[in-house]
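> A predicted structure for the sequence below; I have some questions about it.
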Amino acid sequence: MGRQSLLEKNLTNGKVLEFLLQREDAAEKLSISRKLLLRLYKSKQTDRKKNTLKILDNLLMRLCSDSCDNIENLKKLHAASQKCSEQTRKRVEAQELLLEEKRKNKKFHDIERRLLQERKLRYRIEADFDKLLQQNTELEKRLETTEKTR
């Protein structure tokens, strides 16, 4: 007989945790399997042994199939979980980018508001300057007229 594979070794010698067998479906499957094994062991008739062996073989195929389905479902669940965490990470990054863009936009609006205030102030200063220039020219004209009259 060749060397046992790790899977075979785990299946034949591996320990099963008690709480896993206490679940209702696992306990029922274990009970059926033990009943069939006991029937095979006690049976003396070859026809009955063959029939019980076929039933046990079918049971083992069904359990192996269910086990493989569970393993595949776990792999799919793990892949979906990773995909979900990746999507969550991307969503968080997008939210951070959105917040940063909002901050930049707010800074831009603040700068734009200050620029408008400065323009208004400049226009006011220019208007005041124009008024002062007009007053200056009027005062110069008055000065000239007063000098001429003297």
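Now that the structure is in, tell me what you want to look at. From a predicted model like this one, the values you see are computed outputs, not experimental measurements.

> can I get the CA coordinates of the host helix or strand of K9 in CSV?
For K9, the element it lies in under DSSP states H and E is helix 6-13. Output of helix 6-13 as CSV, limited to C-alpha atoms (Å, rounded to 0.1, in the frame of the first residue of the first chain):
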residue,chain,number,x,y,z
LEU,A,6,-2.6,14.4,3.6
LEU,A,7,-6.4,14.5,2.8
GLU,A,8,-6.7,10.7,3.4
LYS,A,9,-4.7,11.0,6.6
ASN,A,10,-7.0,13.9,7.8
LEU,A,11,-10.1,12.0,6.9
THR,A,12,-9.1,8.7,8.5
ASN,A,13,-7.2,9.9,11.6
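
> and it, what's buried?
Within helix 6-13, no residue is scored as buried using 16 or more other CB atoms under 10 Å. In this view, the C-beta of every residue, glycine as well, is placed from N, C-alpha and C.

> and after that helix, which helix or strand comes next?
Scanning forward in sequence from helix 6-13 by DSSP H and E, the next helix or strand is helix 18-21.

> show me the contact partners of that next one.
With CB atoms under 8 Å, 6 or more residues apart in numbering as the test, helix 18-21 has contacts from 26-27, 30.

> so which of these sit within helices?
Members of those lying in helices (criterion: DSSP state H): 26-27, 30.

> angle of the helix or strand K75 falls within against helix 6-13?
Element membership for K75, per DSSP H and E: helix 46-149. Angle of helix 46-149 versus helix 6-13, following axes from the mean of the first three to the mean of the last three CA atoms, to 10 degrees, is 120 degrees.

> if you count contacts, what does helix 46-149 end up packed against?
Helix 46-149 sits against helix 24-42, with contacts defined as 3 or more CB pairs under 8 Å, 6 or more residues apart in numbering; DSSP states H and E.

> any idea of the angle the helix it packs on forms with helix 46-149?
Here helix 24-42 points in a direction 160 degrees away from that of helix 46-149 (the same axes, to 10 degrees).

> tell me what helix 24-42 is packed against?
Contact here means 3+ CB pairs under 8 Å, 6+ apart; on that basis helix 24-42 packs against helix 18-21, helix 46-149.

> phi, psi for Q22 please.
Note on Q22: backbone dihedrals following degrees, to the nearest 10 are phi -80, psi -10.

> give me the pLDDT for it.
Here the pLDDT value assigned to Q22 is 83.

> separation between it and Q4?
The gap separating Q22 from Q4 is 29 Å, by CB to CB, to the nearest Å.

> cool, thanks, signing off.
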